[in-house]
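Q: Give the three-dimensional model of this entry:
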Amino acid sequence: MGELKDKAKGIGNEIAGNVKQMVGNAQDDPALKAEGKAQETKGEAQNLVGKVKGAFGDKI
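A: Next up, the predicted model:
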């Protein structure tokens, strides 16, 4: 079950990060763009953790 939870959180963070980046671009706000990129990267890492858990059958 941890696999799906991590993947869902990862996708959510990736989407939120992308939205923040788009808003940051539209408002010419470098801080918001950076925050969005950081959140997107966090989401990608969470998604990867979910994939690893899936490969090992949630044993980690």
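
Q: Tell me where this protein has helices.
A: All helices of the chain, identified by DSSP state H, fall at 2-26, 30-55.

Q: ok, now which ones touch residue 12?
A: Residues in contact with residue 12, defined by C-beta atoms under 8 Å, 6 or more residues apart in numbering, are residue 43. Backbone N, C-alpha and C define where each C-beta goes, glycine included.

Q: Tabulate the helices of the chain (TSV), appending mean pLDDT.
A: Output for the helices of the chain, formatted as TSV (pLDDT from 0 to 100):
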stretch	mean pLDDT
helix 2-26	95
helix 30-55	95
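
Q: Look up how far residue 42 lies from the closest residue to residue 48 other than its chain neighbours.
A: Nearest residue to residue 48 in three dimensions, chain neighbours excluded: residue 10, at 7.6 Å (C-beta to C-beta, 6 or more residues apart in numbering). Distance, residue 10 to residue 42, using C-beta to C-beta, to the nearest Å: 8 Å.

Q: Please say which of those two ends up with more neighbours.
A: Set residue 10 next to residue 42 and count neighbours by other C-beta atoms under 10 Å: residue 10 wins out with 21 against 16.

Q: Touching, the more buried one and residue 39? I think so.
A: No: at 10.7 Å, residue 10 does not count as touching residue 39 under the criterion of C-beta atoms under 8 Å.

Q: How about residues contacting stretch 24-38?
A: 16, 17, 18, 19, 20, 21, 22, 23.

Q: what's near enough to touch the spatially most central residue of the chain?
A: In the chain, the centroid-proximal residue (C-alpha atoms, centre = their mean) is residue 43; its distance is 1.4 Å. If a contact means C-beta under 8 Å, 6+ apart, then residue 43 has 9, 10, 11, 12, 13, 14, 15, 16, 17 as its contacts.

Q: Perfect, I'm done here.
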